[in-house]
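Asks: What would the 3D arrangement of this be:
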Amino acid sequence: MWGNPEYMGVLVDEVWLPLHIHKDKLMDGTWKDKDVVVYNPVECRIPDTIGERGLTIPYFSYNDLDVKSFKEYNASINSTIPNIADNITIEGWPWHWAWMTAMISARQMNGKPDWIEPPTGDFTCLNNKIKPHRDLMWNLLSGCGLLNDSCTYVYRGITVDVVGDAIPDLGEIMIPEFYRYSLIDLINESDVEQIFFTEKTWRAVLMGKIPLVFAAPNFYQAFQQLGFQLHDEIDYSFDHITDDGFRADRIVDQLINLKEYDIIDLHHSTLDVRENNFNRLMDVFMQERLPDWMLGDITPFKYMKENRKEFADMARGWKDQHRDR
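Replies: Numbering: from 1, shown residues only. Got it, this is the predicted structure:
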């Protein structure tokens, strides 16, 4: 994401500056007498280093900030981060990646989300960047003999959705062809400390999958709070386990349980929830008010404001299309 500074910036003295270039000034005292506003809509936390694309990026501590006041707008669902100073405020808006996912997917699918019914493929598990929790889940799946040809890990060189040696951009691997034929999507979200909804989860909702997500604790509780439904076929007690290893074990148990169902029976028994979640996402696009911080004249968010009505009309059409099936 650091390759797109237009999406991440810092506002100081009413001047917009690229965050990835000026980040160190947040901590070196340059802005110790300044009120600083950071726009970080594609991440749930601010990366500490740029690093190489595809590799784990550490995050800096908010306690290292040296500014008069600090306010960050980001893509988390949490409005605060524990143990931070009183002059720090963080406001999360979880829908940015939902918008981006739908817009990219609309281009890939010629304007409509095409569900394959009934599904014919095995579960999918699509991974791009290398992260410890993804390695953990990948090794669990391997140890249980569950990995299949629809499980990919691009930066580990394990992929069937990339041709040759090219490392694709996000949009190029958003919805691989084989993904359309699956029913269950085992998702290793981007973060297991902060609750963070990215394209990985929204892609599954948009394409009518059963999302089985390895994310931060209480992820599914937050999912429900956003208006989405859970499946009776899954025991979500893992959602409250704080140890990543134990939580991952229980998620794999649920995957094994789901795979014991006849895929057609599972398709039919979960269809209402998947349809309801799809419709809820369309309602977000039609009704969700953009937050005030996106309604100013800052360049990165103009595309949302300018395309708001067109996007709502597209979502309305998608919802009507599914209703008429």
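
Asks: Now do the residue nearest to residue 19 when sequence neighbours are not counted: how many residues are near it, please.
Replies: The shortest distance from residue 19 to any non-neighbouring residue, by Cβ to Cβ, 6 or more residues apart in numbering, is to residue 8 (4.2 Å). Quick note: C-beta positions are derived from backbone N, CA and C, even for glycine. By other Cβ atoms under 10 Å, 22 other residues sit near residue 8.

Asks: Just the pLDDT for residue 8.
Replies: At residue 8, the model reports a pLDDT of 75.

Asks: same question, residue 77
Replies: 82.

Asks: so how many other residues sit close to it?
Replies: 21.

Asks: So it sits against residue 95, correct?
Replies: No: Residue 77 is beyond contact range of residue 95, at 9.8 Å (criterion: Cβ atoms under 8 Å).

Asks: Worst mean pLDDT across the helices and strands of the protein, which element?
Replies: Using mean pLDDT, DSSP states H and E, the weakest-scoring helix or strand in the chain turns out to be helix 302-306, at a mean of 68.

Asks: quick one: low-confidence ranges for the stretch 101-250 of the chain?
Replies: By pLDDT under 70, the low-scoring segments of the stretch 101-250 of the chain are 107-112, 160-174.

Asks: ranges for the helices of it?
Replies: Along the stretch 101-250 of the chain, counting by DSSP state H, counting those that start in this stretch, helices occupy 132-143, 199-206, 219-225, 244-259.

Asks: Residue 149: how many residues sit nearby?
Replies: 10.

Asks: whoops, I mixed them up, residue 113
Replies: Around residue 113 there are 22 residues (other Cβ under 10 Å).

Asks: is it true that it touches residue 105?
Replies: Yes: using Cβ under 8 Å, residue 113 is in contact with residue 105, at 6.5 Å.

Asks: what do these two both touch?
Replies: 206-207 (Cβ atoms under 8 Å, 6 or more residues apart in numbering).

Asks: tally of neighbours for residue 84?
Replies: Residue 84 has 15 nearby residues by other Cβ under 10 Å.

Asks: what secondary structure does it sit in?
Replies: Taking DSSP: H, G, I helix; E, B strand; the rest coil as the rule, one finds residue 84 in the coil state.

Asks: Name the next helix or strand downstream of the least confident helix or strand of the chain, please.
Replies: Of the helices and strands lying after helix 302-306 in sequence (DSSP states H and E), the nearest is helix 308-323.

Asks: now that following helix: mean pLDDT?
Replies: Per-residue pLDDT values over helix 308-323 give a mean of 79.

Asks: what inclination does that helix have with respect to helix 199-206?
Replies: Put simply, helix 308-323 runs at 50 degrees to helix 199-206, going by axes from the mean of the first three to the mean of the last three Cα atoms, to 10 degrees.

Asks: ok, residue 32 touching residue 68?
Replies: Yes: Residue 32 lies in contact with residue 68 (Cβ under 8 Å); the separation is 6.7 Å.

Asks: wait, what's in contact with the spatially most central residue of the chain?
Replies: When Cα atoms, centre = their mean is applied to the chain, the residue found nearest the centroid is residue 198 (0.8 Å). The contact partners of residue 198, by Cβ under 8 Å, 6+ apart, come to 75, 97, 189-190.

Asks: rewinding a little: just so I know, which of the helices of the stretch 101-250 of the chain lies nearest residue 311?
Replies: Between residue 311 and these, the shortest gap by Cβ to Cβ is with helix 199-206, which sits at 13.4 Å.

Asks: Among the contacts of residue 198, the buried ones, what's the ChimeraX command?
Replies: Restricted to buried positions by 16 or more other Cβ atoms under 10 Å, the ChimeraX selection for those reads:
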select :75,97,189,190
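
Asks: Show me the two of the contacts of residue 198 that sit farthest apart.
Replies: 75 and 189 (11.9 Å).

Asks: any shared contact partners between the two?
Replies: 196-198.

Asks: In this protein, spot the helix with the most residues.
Replies: Ranked by residue count, the top helix of the chain under DSSP state H comes out as helix 263-287.

Asks: any idea of the angle that helix forms with helix 244-259?
Replies: Helix 263-287 runs at 120 degrees relative to helix 244-259, counting by the same axes, to 10 degrees.
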